[in-house]
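In: Compute the structure for the input listed below.
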Amino acid sequence: MKDNKDKPFFSDMPAWEGRRAERMGQPAFAELEIQVEPPDRQQSVGEGATRVVAPESWSREVDWQQDFRYISREQLFVRKGKELEVSQGDTAQFVPFQTYWPTYDEMQPRQLKWYLFWRTEVRSGHYPDTDLSYLFVYLYELIHGIGWVEPSEGYAQIERVWQAYRERYPKLDIYVREWLYDFALIFHLGEAPVNPPLTKLPRSLSMELKELEWQRKFSAHILELSWDLLRMLIDYEAEKSRYYIEQGRKNLRHYAPKIVTLVDGYLRKAKGSRLLELFVPREKKISRYLFRSAVYDHGQYGRTREITVLPYSEHPPLRAYLTQLVRLTENKLRELDGFKGRLKGVTVEPDIEQLISRYLRNEYAQREAEVAKARMPKVKINVAKLRKLKQESDEVRDMLLSEEALVSEKGQKDIFRKDSVGGDQIPSTRPVQAELDFEHGWQAEEETAVAAESGWPEFQALPAWEETAGLAEQIDPSQLAGAGCPAEEKSRATELPALSSAWHELFVSLSVSQRGMLLSLLNGEGSAERQAIAEQAGSMPELLVDEINNLAMEWLGDLLVDGDEIVAEYRAELRQMLEAGPELV
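Out: Numbers count the residues shown, from 1 in each chain. Model (predicted):
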């Protein structure tokens, strides 16, 4: 080692000198051996000797999963959310907060202070105005189980905050519907559709929710479809037809969904099965990603769930049947509107075709009657004159009743008059009738007697109500509200309370056939009479009853018909409404 201390290292030696050293018998760098002397023979560092010391052998305990673990943004959000779960926010000033994928790390201290205050208000049932990003942070918390104990409680909180802010932020509808479905799926809360129902399916809605919406609509007590929804279920471009473009746009959009509802009710009555039960598709299993577009830690509930779907909107037999119904409806409307040309290849059962034809004819007849009624001149009634007429009629009636009582007490008084030839006095049994002058009041009894003796043998005093008969004949009696009614009818009218405005609106909303159905049920008539009323309307008794209950729910907030009977608590008001009749119009 000492002999080689002045020679350069192999790293500084050219390659050719290394080979030369090997030929001369000198060891190369790769052949050098490091000798480690025992500790007792090692010299101190201060002596100037150079020594190479091998490192001591030791091992380090490393937990690669713990010490080198990657923490995602979603996991950091959940960890921070659990730390702030019970934090109560003091009164703070609103600070705007708008960002994509909002989390706590994106908030400034003033924004976090406002968020905690706003969250405290929301948990207590108050919903102050705030930015959309704060709402998303709160929804992310609820998704991860922050802020609730029972899953049903978390579901209710998500739905409440959505309903409170959905009008201001319609964008919430796109996300919260999906998240509520995932939440119910994870915690087995059932697949109940999310309220409110959709009148138009947005394009961003997932396939699972679309099929669930179809199932809910076809399973409802009364099938209700809008034209936009029905158009998604047929294989016919109705809006490109010549009839739709030139003339029938309004009629086809109005009547086609009603025809589907009518046929669905008819099939339930005739065959015991509805459209949804006649055309059942095969189940389809799909893998659904949970809480899409949310800051979601998939380590908590998993990334996907396998679900089973019934693809009604993709079922060919159902689409073909609905297409034929729409095409048949268009042909019938073309016929009623006098439009030339018919669609070919329409095949529907004869009884269904007859049902549709009868329904549309009755609808057109009723619409023409309403148009004719609207064109009639409206009669204006002078309420002041009617009130005066009623008062005068009451006075006349009271006077006649008092005269009859007076005659019955004192007997018949004979009035004698002289005969113009013989001078004999002939008793007359004609009673004296007092006369009422509306301007001067009651005439004296002597004036009546003088008039009788003035030479008019056929004279008879007329009561005041006969003088006003001409005016009464020009007025609809239904508008008099009891004028001149008999005493027993007046007493019965005064016993019944006045109908509320809701009953008036209900009566106006009812069609003639619906009123007839109510009267038939009220009188306890049989099924044959109800079937006759429904056939005249081109419908069925069950459909008429369903329509009546829908109107009753709209104006009264309750059902009128339960099964085949009128609800007992509404029988009196209903009879009063039907007997009042045109007075409510």
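In: So which residues of the chain form strands?
Out: Shown for the chain, the strands assigned by DSSP state E span residues 284-289, 304-309, 415-418, 425-428, 436-437, 441-442, 561-562, 565-566.
In: In the stretch 1-150 of the chain, where is pLDDT below threshold?
Out: Low-confidence segments of the stretch 1-150 of the chain (pLDDT under 70): 1-69.
In: is it true that Glu330 touches Arg242?
Out: No: using CB atoms under 8 Å, Glu330 makes no contact with Arg242, being 10.5 Å away. (C-beta placed from N, C-alpha, C; glycine too.)
In: in stretch 341-354, what counts as buried?
Out: Val346, Val348, Ile352, Glu353 (16 or more other CB atoms under 10 Å).
In: so which of the residues you listed comes closest to Arg249?
Out: Closest approach to Arg249 among the buried residues of stretch 341-354 (CB to CB): Val346, at 20.0 Å.
In: list the contacts for that closest one?
Out: Neighbour list for Val346: Gln324, Arg327, Leu328, Asn331 [criterion: CB atoms under 8 Å, 6 or more residues apart in numbering].
In: Pro257 versus the third one, what's the distance?
Out: In this case it means Leu328. Shown here: Leu328 relative to Pro257, a distance of 14 Å by CB to CB, to the nearest Å.
In: The closest residue to Ile71 other than its chain neighbours: how many residues sit nearby?
Out: Spatial nearest neighbour of Ile71, chain neighbours left out: Arg79 (8.0 Å); criterion: CB to CB, 6 or more residues apart in numbering. By the measure other CB atoms under 10 Å, the count of residues near Arg79 is 12.
In: how near is Arg79 to Thr103?
Out: Going from Arg79 to Thr103 by CB to CB gives 11 Å.
In: Could you check how far Trp555 is from Leu400?
Out: Using CB to CB, one obtains 43 Å as the distance from Trp555 to Leu400.
In: quick one: which of these two has more around it?
Out: Trp555 (19 against 14).
In: Grab the nearest non-local neighbour of the more buried one.
Out: Excluding its sequence neighbours, the residue lying closest to Trp555 (CB to CB, 6+ apart) is Leu506, at 4.3 Å.
In: Next: Phe77.
Out: Counting by CB to CB, 6+ apart, Thr103 is the residue found nearest to Phe77 once chain neighbours are left out, at 4.8 Å.
In: Ser527 now?
Out: Going by CB to CB, 6+ apart, Ser527 has Pro541 as its nearest residue, at 7.3 Å.
In: how many other residues sit next to the one you found?
Out: For Pro541, the count of nearby residues is 21 (other CB under 10 Å).
In: Ok, Ser152 next?
Out: Residues contacting Ser152 under the criterion other CB under 10 Å number 12.
In: And Glu573, by the same measure?
Out: Using other CB under 10 Å, Glu573 has 18 other residues around it.
In: So for it, what's the pLDDT?
Out: Turning to Glu573, the model gives it a pLDDT of 83.
In: And Gly470, by the same measure?
Out: On pLDDT, Gly470 comes in at 37.
In: Could you do Ala294 as well?
Out: The model reports Ala294 with a pLDDT of 95.
In: and if you look at the one 4 residues further on?
Out: Confidence at His298, expressed as pLDDT, is 92.
In: What of Phe416?
Out: pLDDT, Phe416: 42.
In: do the same with Arg397
Out: So, for Arg397, pLDDT stands at 79.
In: okay, now it: neighbour count?
Out: 17.
In: same deal with Trp162?
Out: With neighbours defined by other CB under 10 Å, the count for Trp162 comes to 20.
In: Looks like it contacts Leu172 (just checking).
Out: Yes: between Trp162 and Leu172 there is a contact at 5.7 Å, judged by CB under 8 Å.
In: Apart from its chain neighbours, what residue comes closest to Leu76?
Out: Closest residue to Leu76 apart from its sequence neighbours, by CB to CB, 6+ apart: Asp105 at 7.1 Å.
In: I'd like the distance between the one you found and Phe291.
Out: Counting by CB to CB, the gap from Asp105 to Phe291 is 19 Å.
In: Compare those two and say which is more crowded by neighbours.
Out: Taking other CB under 10 Å, Asp105 and Phe291 do not tie; Phe291 has more neighbours (22 against 9).
In: just checking, the more buried one touches Leu139?
Out: No: the criterion here is CB under 8 Å, and Phe291 misses it with Leu139 at 9.7 Å.
In: got any residues that touch both of these two?
Out: Shared contacts of Phe291 and Leu139 (CB under 8 Å, 6+ apart): Trp179.
In: for Pro197, what are its contacts?
Out: By CB under 8 Å, 6+ apart, the contact set of Pro197 is Glu213, Arg216, Lys217.
In: Now the buried members of those residues.
Out: If you count burial by 16+ other CB under 10 Å, the buried members of those come out as Glu213, Lys217.
In: Break down the stretch 51-200 of the chain into its helices, ranges please.
Out: For the stretch 51-200 of the chain, the helices defined by DSSP state H, counting those that start in this stretch occupy 64-67, 73-83, 109-123, 132-143, 151-165, 172-186.
In: neighbours of Leu360, just the number please.
Out: Around Leu360 there are 21 residues (other CB under 10 Å).
In: just Met376 next, same as before
Out: Neighbour tally, Met376, other CB under 10 Å: 7.
In: Ok, Phe183 next?
Out: When neighbours are counted by other CB under 10 Å, Phe183 registers 21.
In: Could you report the pLDDT at it?
Out: For Phe183, the model assigns a pLDDT of 95.
In: got a list of what it touches?
Out: Ile143, Pro151, Gly154, Tyr155, Ile158, Leu189.
In: go on, Gly538?
Out: Taking CB under 8 Å, 6+ apart, we find Gly538 in contact with Leu355, Arg358, Tyr359, Leu360, Arg361, Asn362, Glu363.
In: which ones are touching the third one?
Out: This means Tyr359. For Tyr359, the contact set (CB under 8 Å, 6+ apart) comprises Lys258, Ile259, Leu262, Gly538, Ser539.
In: Now with 10 Å, please.
Out: Contact partners of Tyr359, counting by CB atoms under 10 Å, 6 or more residues apart in numbering, are Tyr255, Lys258, Ile259, Leu262, Val263, Tyr266, Thr329, Lys332, Ala537, Gly538, Ser539, Leu543.
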